[in-house]
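A.B. asks: Just to be clear, the model below is a prediction. Sequence and coordinates:
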Amino acid sequence: MVIEGSIPFYKPLIAREEIAQLVEAVESGWLTTGPKTLEFEAAITRYVGAPFAVGVNSCTAAMHLSLVAMGIGPGDIVITSPITFPATANVIEHCGARPVFIDVEPETLLLDAVALEQFLAAPEREGIDAGKVKAILPVHFAGQPCDMDKIFALASQHGLAVIEDSAHALGAEFAGYKVGSDYGLGFQGPWTSCFSFYATKNITAGEGGMLTTNDPELADQVAVLRLHGISRDAWKRYQLAGYQHYEVLFPGYKYNMFDLQAALALPQLSHIDAWQRRRETYTDLYNQGFADIEGLLPLRVKPNRRSAYHLYVVMADSARLGVARDDLLNRLAAAGIGVGVHFRSLTVQKFYHEKYDFQEGDFPVAERASEQVLSLPLYPAMHESDVERVIRTVRQVLGV
């Protein structure tokens, strides 16, 4: 039941520009992958500062295709974060590889680069064959980039690929460079950054994703794999230049972005910086509104980076607040405030917990976060009065 006057957890900001682009795409006759997709790919390369971008139908597809194109398969190991959406680890499983989780930092819930370095120095202590470790898949959680200088340095040192889960991070920056670029670090190994345009993301295509890279051969391979493994420009075979036969180059997938998705997302890209500033303003309002509440702690943004402020996540310490996190979620929902949980650690989720026999205490920070994380509404369609209402309601529910 929707409570009248409630504030939803998320509401997209769709205007006449997006509708006009959709109409243009429909009237053009190109409903699947075509010129709008190419235009959106080019716009993303300009925005993030990467030379190549490939549009796909989800961030999940972008990560999966990255792994396949990099040759990661059965018996291989990919290192990632336990605080993430299941897709991040699921794609590793899809390749027959094994995800190895590294615990997260307490104040950011980002993959702990110090713990990563310690693991890579002696993986055999964890029963891992160093020769099987092939890639690092860091997650830019809630919009804040991981320690990419450290991660790229470790990847170079150990000969690993890097696949960034950037689903939350379009518009974010590390050391002055946009996520989706190589941050000016000149990383020479295989590398991709994978974005999401799901309904709740900072710009949306309803569904959709994008992969960026600085490797032209990798970009070409992903472009072929995304559409059944047929030759990259097969969509041109119906143009006036004459019929062109396609060739099946690999047993690929049905992962292509289509023009209706691209048309919806394209005009939003021109607004993303302004929307990001609005998200930052609302985040500041939340932080000020909760500053005196012991036990309600927002995530910290580190000095050398700019968050995309995709989510407003707080850690709700039940011992200090006097209310369990799930009770707080239910009370806020009953009061008309949309809420979320981002995320319960994958190490406590049934499949991963049972398959890899994780024990309580294996990932102490991620396990604690699983019991405490709570996300509040944060999106540009909100008004400051909405943020103020959320703050008032949280305080009323907590009795402070």
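C.D. replies: In hand now; what should we look at?

A.B. asks: number of nearby residues for residue 117?
C.D. replies: 16 (other CB atoms under 10 Å). All C-beta atoms are positioned from the backbone trio N, CA, C, and that covers glycine.

A.B. asks: Residue 360 too?
C.D. replies: 9.

A.B. asks: does it count as helix, strand or coil?
C.D. replies: coil (DSSP: H, G, I helix; E, B strand; the rest coil).

A.B. asks: any idea how far residue 334 is from residue 184?
C.D. replies: 49 Å (CB to CB, to the nearest Å).

A.B. asks: just the helices in the stretch 251-400 of the chain please.
C.D. replies: 259-269, 272-290, 318-321, 325-334, 350-355, 364-372, 384-398 (DSSP state H, counting those that start in this stretch).

A.B. asks: now, of those, which is deepest in the fold?
C.D. replies: Compared across these, helix 259-269 shows the largest average neighbour count, a mean of 24 (mean count of other CB atoms under 10 Å).

A.B. asks: That helix packs against which elements?
C.D. replies: Here helix 259-269 touches helix 16-28, helix 35-48, going by 3 or more CB pairs under 8 Å, 6 or more residues apart in numbering; DSSP states H and E.

A.B. asks: And for it, what's in contact with it?
C.D. replies: Residues from elsewhere that reach helix 259-269, judged by CB atoms under 8 Å, 6 or more residues apart in numbering: 13-15, 17-18, 20-22, 24-26, 28, 30-37, 39-40, 43-44, 47, 55, 57, 197, 203-208.

A.B. asks: and that helix, what's its mean pLDDT?
C.D. replies: For helix 259-269, mean pLDDT rounds to 95.

A.B. asks: CA atoms only: put that helix into PDB for me.
C.D. replies: Output of helix 259-269 as PDB, limited to C-alpha atoms (Å, rounded to 0.1, in the frame of the first residue of the first chain):
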ATOM      1  CA  ASP A 259      18.300   2.600 -29.300                       C
ATOM      2  CA  LEU A 260      15.200   3.200 -27.100                       C
ATOM      3  CA  GLN A 261      17.400   2.800 -24.000                       C
ATOM      4  CA  ALA A 262      20.100   5.100 -25.400                       C
ATOM      5  CA  ALA A 263      17.500   7.700 -26.400                       C
ATOM      6  CA  LEU A 264      16.100   7.800 -22.900                       C
ATOM      7  CA  ALA A 265      19.600   8.200 -21.300                       C
ATOM      8  CA  LEU A 266      21.200  10.600 -23.700                       C
ATOM      9  CA  PRO A 267      19.600  13.900 -22.700                       C
ATOM     10  CA  GLN A 268      20.000  13.000 -19.000                       C
ATOM     11  CA  LEU A 269      23.800  13.000 -19.400                       C
END
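
A.B. asks: now that helix, how far from the chain's geometric center?
C.D. replies: 18 Å (CA atoms, centre = their mean, to the nearest Å).

A.B. asks: try stretch 146-160
C.D. replies: On CA atoms, centre = their mean, the centre of stretch 146-160 falls 19 Å from the chain's centre.

A.B. asks: buried set for it?
C.D. replies: 146, 147, 148, 149, 151, 152, 154, 155, 158, 160 (16 or more other CB atoms under 10 Å).

A.B. asks: go on, stretch 62-73?
C.D. replies: Quick answer for stretch 62-73 (16+ other CB under 10 Å): 62, 63, 64, 65, 66, 67, 68, 69, 70, 72.

A.B. asks: how about JSON lines for the residues you listed, with secondary structure added?
C.D. replies: Putting the buried residues of stretch 62-73 into JSON lines (three-state DSSP) gives the following:
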{"residue": "62", "secondary structure": "helix"}
{"residue": "63", "secondary structure": "helix"}
{"residue": "64", "secondary structure": "helix"}
{"residue": "65", "secondary structure": "helix"}
{"residue": "66", "secondary structure": "helix"}
{"residue": "67", "secondary structure": "helix"}
{"residue": "68", "secondary structure": "helix"}
{"residue": "69", "secondary structure": "helix"}
{"residue": "70", "secondary structure": "coil"}
{"residue": "72", "secondary structure": "coil"}
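
A.B. asks: where are the low-confidence patches of the chain?
C.D. replies: 1-4, 232-243 (pLDDT under 70).

A.B. asks: center of it, which residue is that?
C.D. replies: residue 167 (1.8 Å; CA atoms, centre = their mean).

A.B. asks: Name the SS class of it, please.
C.D. replies: coil.

A.B. asks: ranges for the helices of the stretch 51-200 of the chain?
C.D. replies: 59-69, 87-94, 113-121, 148-158.

A.B. asks: quick one, what contacts residue 79?
C.D. replies: 99, 100, 101, 102, 116, 119, 120, 133, 135, 136, 137.

A.B. asks: Next: residue 154.
C.D. replies: Residues in contact with residue 154 (CB under 8 Å, 6+ apart) are 113, 116, 117, 120, 136, 160.

A.B. asks: Please report the distance of the spatially closest residue to residue 380 that is not a sequence neighbour from residue 19.
C.D. replies: The shortest distance from residue 380 to any non-neighbouring residue, by CB to CB, 6 or more residues apart in numbering, is to residue 275 (4.1 Å). Distance, residue 275 to residue 19, using CB to CB: 18 Å.

A.B. asks: Can I get the helices and strands packed on helix 259-269 in CSV including distance to residue 260?
C.D. replies: Formatted as CSV, these follow (distance: least, CB to CB, whole Å):
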stretch, distance to residue 260
helix 16-28, 6
helix 35-48, 8
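
A.B. asks: that older thread, ok, so of the contacts of residue 79, who is nearest residue 344?
C.D. replies: For those, the residue nearest residue 344 by CB to CB is residue 101; the value is 13.2 Å.

A.B. asks: Quick one: neighbours of residue 208, just the number.
C.D. replies: Residue 208: 29 neighbours (other CB under 10 Å).

A.B. asks: let's number from 129 now, not from 1
C.D. replies: Got it, first residue is 129 now, which makes that one residue 336.

A.B. asks: circling back to that earlier point, now, the contacts of residue 207 that are in strands?
C.D. replies: 227, 228, 229, 261, 263, 264, 265 (DSSP state E).
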